[in-house]
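Engineer: Give me coordinates for this.
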Amino acid sequence: MRTTFDLSPLYRSTIGFDRLFDMLDQVSRVEPMTNWPPYNIEKTGEDEYRISMAVAGFTRDEIELVQQESTLTVTGQKRAEPEGVQVLHRGIATRAFKQSFSLADHVKVTGADLDNGLLTIALKREVPEELKPRRIEIATGSAAKALAQDNQPPQIGHGSQAKEAA
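Structural biologist: Numbers count the residues shown, from 1 in each chain. Presented below is the predicted three-dimensional model:
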């Protein structure tokens, strides 16, 4: 039995979580066979990831990878059987598929490879320098006083004080 949840009260009481609630809403409507083809998601380094999909029977020309903003879509469409071929038993699935992956900010596809029926997609998070945290030094003691003195406006003297300063 499948239970559905009404998320509309959450939309009214939160700001900026639209995408999260859309994803939750989408998950509740998932068709039972959308987990095909089987896949693994692996973390291979600090900011590196890999998706491995079992796509036996598909060629490079029958698979399409598209990254649009924060969504990676993998689509597979088998071509028609050649004329004169009669399949007596079909154990390798040839049905079309479409699998979407939501990517975090700044995650980009860096490569894809199809080898022995396994599609491997390499991903990497590349955060721009201006968005990376930076350490700010805190001055202490005489360095702080020197910094404070450097930030003071120049003093303008009057009368004899100005002559002595010159």
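
Engineer: contacts, neighbours, all on C-alpha from now
Structural biologist: Noted.

Engineer: Now Thr110: which helix or strand?
Structural biologist: strand 107-115 (DSSP states H and E).

Engineer: Is Phe58 in contact with Arg79, as I believe?
Structural biologist: No - with contact defined as Cα atoms under 8 Å, Phe58 does not reach Arg79; the gap is 9.1 Å.

Engineer: which helices and strands does the strand holding Thr110 pack with?
Structural biologist: Under the contact criterion of 3 or more Cα pairs under 8 Å, 6 or more residues apart in numbering; DSSP states H and E, strand 107-115 touches strand 118-125.

Engineer: could you say what helices and strands the strand it packs on packs with?
Structural biologist: Secondary-structure packing of strand 118-125 (3+ Cα pairs under 8 Å, 6+ apart): strand 48-54, strand 107-115.

Engineer: Within its local environment, how many residues does Ser52 see?
Structural biologist: Counted with other Cα atoms under 10 Å, residues neighbouring Ser52 total 18.

Engineer: quick one: pLDDT of the closest residue to it other than its chain neighbours?
Structural biologist: Using Cα to Cα, 6 or more residues apart in numbering and skipping residues adjacent in sequence, the residue nearest Ser52 is Thr120, 4.5 Å away. Note on Thr120: pLDDT of 96.
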